[in-house]
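> pasted the sequence and its predicted model underneath.
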Amino acid sequence: MPLHCCMGAQMMCSFGLAPSNLVVLPINRETINAMPAANIMDHVPMLNIMPFGMCTSPANPVVAAATAAALGVLTPMPCIPATPAPWVVGAPTVTLAPFPALDNISQLMCIWGGVITFVEAGQVTTMIP
């Protein structure tokens, strides 16, 4: 069952070497467990999407240049996310100011070929005995 994502949700890029956390500004005025809730428009590089450590995509010009300089040995370079389009697909039946809410099965495409997915939705449930 999909979970709605909020501030702090953990993501991974298929070409990244480290996980990253989703940053959600409190502009939608909706929360999940007191954390700002996300919608599909929370895709802005270096605002919502932070770097994933090092990038290994040969489509990334910086990685391609470093790999060429190393005589063809793949050389990872620092990740700078490039995500111009919104998350796909979101929760189509749940809107959040006025776009679909972001759920943990949504994906985000980087122009360097990476696919960003969620490892953890950011929701924390505590049980009181």
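Good, I have the coordinates. Numbers count the residues shown, from 1 in each chain.
> how about the strands in this protein?
Counting by DSSP state E, the chain has strands at residues 10-13, 20-21, 31-32, 35-36, 54-55, 77-78, 91-96, 99-101, 108-109, 115-120.
> which residues touch the third one?
So the one you mean is strand 31-32. H4, C6, A37, G122, Q123 (C-beta atoms under 8 Å, 6 or more residues apart in numbering). C-beta: built from backbone N, CA, C; applies to glycine.
> would you pull up how far the worst-scoring helix or strand of the chain on mean pLDDT lies from the middle of the chain?
Across the helices and strands of the chain, mean confidence by mean pLDDT, DSSP states H and E is lowest for strand 31-32: a mean of 82. Distance, stretch centre to chain centre, for strand 31-32: 18 Å (C-alpha atoms, centre = their mean, to the nearest Å).
> same check on stretch 111-125?
Centroid separation between stretch 111-125 and its chain, computed with C-alpha atoms, centre = their mean, is 5 Å.
> quick check: mean pLDDT of it?
Average pLDDT, stretch 111-125: 91.
> report the buried residues of it.
Applying a neighbour-count criterion of 16 or more other C-beta atoms under 10 Å, one finds W112, G114, I116, F118, E120, A121, G122, Q123 buried in stretch 111-125.
> lowest average confidence across the strands of the chain, which one?
Among the strands of the chain, strand 31-32 carries the lowest mean pLDDT, at a mean of 82.
> ok, back up a step: just send the strands of the chain back as TSV, with distance to L71 too.
Output for the strands of the chain, formatted as TSV (distance: least, C-beta to C-beta, whole Å):
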stretch	distance to L71
strand 10-13	26
strand 20-21	31
strand 31-32	49
strand 35-36	47
strand 54-55	19
strand 77-78	16
strand 91-96	47
strand 99-101	46
strand 108-109	30
strand 115-120	29
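> those: which one's closest to P84?
strand 108-109 (9.0 Å; C-beta to C-beta).
> may I have the residues that are in contact with V24?
V24 sits in contact with C6, M7, M35, P36, A37, A38, D42, N48, where contact means C-beta under 8 Å, 6+ apart.
> equivalent analysis for P84, please.
Neighbouring residues of P84 by C-beta under 8 Å, 6+ apart: I111.
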